[in-house]
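Q: After the sequence you'll find the predicted model.
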Number of protein chains: 2
Amino acid sequence: MPRNQQILLDNRPEGEAAVSNFKLVETETPALQEGQVLVRHHYLSLDPYMRGRMNDSKSYAAPQPLGEVMLGGTVGEVVESRHAKFQPGDKVVGMGGWQLYSVVDGNAPGMLRKVDTTHVPLSYYLGAVGMPGVTAWYGLVKIINPKPGETVVVSAATGAVGSAFGALAKARGCRVVGIAGGPEKCAYAVNELGFDACIDYRAHSDLKAMSQALKQACPNGIDGYFENVGGYLLDAVLLRANAFARVALCGMIAGYDGAPLPLQNPALILINRVKIEGFIVSEHMEVWPQALQELATLVAQGQLRPRESIAQGLENAPEAFLGMLKGKNFGKQLVQLI
Amino acid sequence: MPRNQQILLDNRPEGEAAVSNFKLVETETPALQEGQVLVRHHYLSLDPYMRGRMNDSKSYAAPQPLGEVMLGGTVGEVVESRHAKFQPGDKVVGMGGWQLYSVVDGNAPGMLRKVDTTHVPLSYYLGAVGMPGVTAWYGLVKIINPKPGETVVVSAATGAVGSAFGALAKARGCRVVGIAGGPEKCAYAVNELGFDACIDYRAHSDLKAMSQALKQACPNGIDGYFENVGGYLLDAVLLRANAFARVALCGMIAGYDGAPLPLQNPALILINRVKIEGFIVSEHMEVWPQALQELATLVAQGQLRPRESIAQGLENAPEAFLGMLKGKNFGKQLVQLI
C-alpha cells in the first residue's frame, strides 16, 4: 500500500488561526476490507466552513476533533477497489479530508460519488458543480427565490459560491451586484463572471460608504442578498433593502476569528419586512441532483466559468487555507495533490 | 351636530415621547354627505405602532402628519347614517382616530365593519378579536407554524398580542413561555392566561440572566419566538434557539425612542439555521377573516380571557399611551370615551 500524508488539527486557534494549529504526518494506508475503496486524491477543497470547525464552540457541525485528519472535500481517482460499484480509474468526489489517500466504505450513502469529466473538469466538482455551487443554488432558489428583474447582491462575489450565484441569478433574469475585495476581483466579476456591477469593499470600508455604493449599484433597491461575510456589509444591505427582501445567510467569515460582529440596526428587518434565513447546504440533500444538473449545464454552455486558486502540495494546504480566510485567493481555493 | 374633541400630533418627540407632543382641540362634527356615517367612539385603542409613526423617519407606515388627528383603532356606535348598509345603533369597528366622533365613508373597503357583541364584548374588537389578535395569529401560524409539542416564546406576554398568542399556541399543543415585566404580570400569564411559564425581565435584566432563565423555562430549547420588544431579549432567545427555529419579528418597542438596539451575535442565526421574518399584519388582510373567527371562538369558549387597562376620557389618552410604552398597562390598553 502507498505511503499516505495527512494534515491533522494539532491544537485550536486562540483568535486568528495559524499554521501552527496544524501538523503534517506520514502514515501507511491500511489494507482494504471487503466493500472498501482506496482513493488517490487529485484535489483538496479549502472552504470557509472549516474555520468554524476548528473552534470548540457550539456550531451546526461538531468541532473538528483534535489529532484527527482535517475534514474536507476531495476529488480523485479510485486506485484499488473491493466494492463492485467502483473500479480503478473511476473519477470520484467525496469527503476524503486533508490527505493524499482515503479509504472509503463504498456502501455508505453519499460518501463517494462517481463523476463524469467529459464536459466538466474534475476540480469543478469541488466548486461550481459541487458543494459551493449547490450552496449558491439553495440560497438563491429556495430562500431568495427571485423574480426576473429583481436585484440580488452577493458578498465574496468572486469566490466559489459567489461566482456560481452570479451565473444562476443572471440565468433567472436578475440584476446581479457583487461585493468583493479589490479592483482586480471587481473587474473580474463584471468582465468575466457577468455581474452587472461589483463593489470593492476595501474602497468602501464603513457602513456609510458601503450603503452609498449599494445605492448607486442598486438603483431599484435590493430584493435579495446572499451573505458570506457578515459585519457592516449586512447592515449596509438592510439599509437598502426593499420591502419583503430576502437574505440567505450562508456564512459570516468576518467573524470566524471570534471578533464580535453585531448587527447594528435589526429594527430594519421589521421596517422592511425582511426575511433572514440561515442554512447549511448539507441539510438539504434533496436539492443536490437538481442543483448539480443546472450547474453542470451552465458550465458546459460556458455561462459559468469559475476561476480557481490552486496551491501545490499537501504541505502548503494550511497556508493556502489561512490566505483564503483573508481573501487572498481569487476564485475557488484548491490544493493540488498529484 | 355634536361637538367633537380631537387629539392632534402637535410636534415630534426628540428621544422619548412626551405629553407635550400632543394637543387637544374641540371642533364641530361636519354635516354628513351622501354615503357617510357618523360614529360615536366608545373605546380608542392605544398600540405601540403609534410611537413609530410619531417619528419622521423611514418606516413601513407613513409618519403621522403634524397637526392632524392621531391615527388609531376605535369601536363605537353609529349615531347617524347616510349609507344604506349602516343604521343608527349598529356597533362598528374602524380607524376613527383619537377623537370622540368620526365621519366615515361607508363605501371605502375595510374602513368600517359591523360587529356582533352577543358573545364578544365590544372593546375586544380592538384587542383579542381585532388587530392585535390577528397580529398574534399571523406570526404564530404563518411564520412560526409550530408543531404540537414545540416550545414557543413571546415577549410582552400579557399585552393584547401576547395574551392572544398564548391562547392560540396552547390550542396548537405548544409549550408556551412568556416574558413580561414584574411578578404580577408573570403570575397572571401563568394563572389566568394559561402560559406554561413566564419570565420576569426585570428580574433578569441582562443577557446572561435572561439566557439562563430561558434555559430553565425551555428545557427542550426554543422552536419559535414572537418578538415585540427587541434588545437583549432577542439575543437571549437566539442563544437558546433550536435548529430551524423561527422568529416572527412584530415589534421592537425597546427601540422606539431611538436608542440603538444592536443584535449582539447574528452568527447564531446561521449556527442555528434560524428564520427571522419581519411583518406588518395590515399587509396580510387575506388572513383576517380566518384569524378573527378563531379568536372569537377562543373568547366565546373562555380559552382567551384578555385583560384590559382602561383609561377614562380622551384627555387622558396621551398619558395612558406613554405609560403603555413603558409597560405600565396590564393587558390591552384602551381609552373609554363614553
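A: Perfect, thanks for sending it. Since this is a predicted model, take the numbers as computed values, not measurements.
Q: Would you mind giving me the confidence score for A:Pro260?
A: The model reports A:Pro260 with a pLDDT of 70.
Q: Looks to me like it is in a strand.
A: No: A:Pro260 is assigned coil when assessed by DSSP: H, G, I helix; E, B strand; the rest coil, not a strand.
Q: how near is it to B:Pro266?
A: 10 Å (C-beta to C-beta, to the nearest Å). For the C-beta atoms, the positions are set from N, CA and C on the backbone; glycine is no exception.
Q: same check, this time on A:Pro48
A: 16 Å.
Q: Please say which of those two ends up with more neighbours.
A: Higher neighbour count among A:Pro48 and B:Pro266: B:Pro266, with 27 against 22, using other C-beta atoms under 10 Å in any protein chain shown.
Q: give me every residue that touches the more buried one.
A: By C-beta atoms under 8 Å, 6 or more residues apart in numbering or on different chains, the contact list for B:Pro266 reads A:230, A:234, A:249, A:252, A:261-263.
Q: please redo it, this time with the cut-off set to 10 Å
A: A:227, A:230-231, A:234-235, A:249, A:252, A:255, A:261-263, A:266, A:276, A:278, B:235, B:238, B:274, B:276 (C-beta atoms under 10 Å, 6 or more residues apart in numbering or on different chains).
Q: Please apply the same query to A:Gln36.
A: Per C-beta under 10 Å, 6+ apart, neighbours of A:Gln36: A:30, A:80-83, A:86, A:103-107.
Q: Could you report the distance from it to chain B?
A: 32 Å (C-beta to the nearest C-beta, to the nearest Å).
Q: For the stretch 151-300 of chain A, just list every one of the strands.
A: In the stretch 151-300 of chain A, the strands defined using DSSP state E, counting those that start in this stretch lie at A:151-155, A:175-180, A:197-200, A:222-227, A:241-249, A:275-278.
Q: now these as JSON lines including mean neighbour count, distance to A:Tyr125 and mean pLDDT?
A: Shown next, in JSON lines, are the strands of the stretch 151-300 of chain A (neighbours: other C-beta atoms under 10 Å in any protein chain shown; distance: least, C-beta to C-beta, whole Å; pLDDT from 0 to 100):
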{"stretch": "strand A:151-155", "mean neighbour count": "30", "distance to A:Tyr125": "22", "mean pLDDT": "98"}
{"stretch": "strand A:175-180", "mean neighbour count": "28", "distance to A:Tyr125": "24", "mean pLDDT": "98"}
{"stretch": "strand A:197-200", "mean neighbour count": "23", "distance to A:Tyr125": "26", "mean pLDDT": "98"}
{"stretch": "strand A:222-227", "mean neighbour count": "28", "distance to A:Tyr125": "21", "mean pLDDT": "98"}
{"stretch": "strand A:241-249", "mean neighbour count": "22", "distance to A:Tyr125": "23", "mean pLDDT": "98"}
{"stretch": "strand A:275-278", "mean neighbour count": "24", "distance to A:Tyr125": "26", "mean pLDDT": "98"}
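Q: Make sure A:Leu322 is indeed in a helix.
A: Yes: the assignment for A:Leu322 by three-state DSSP puts it in a helix.
Q: That one touches A:Val19, doesn't it?
A: Yes: under the criterion of C-beta atoms under 10 Å, A:Leu322 makes contact with A:Val19 at 6.8 Å.
Q: Which single residue of the stretch 101-250 of chain A approaches chain B most closely?
A: A:Leu249 (4.9 Å; C-beta to the nearest C-beta).
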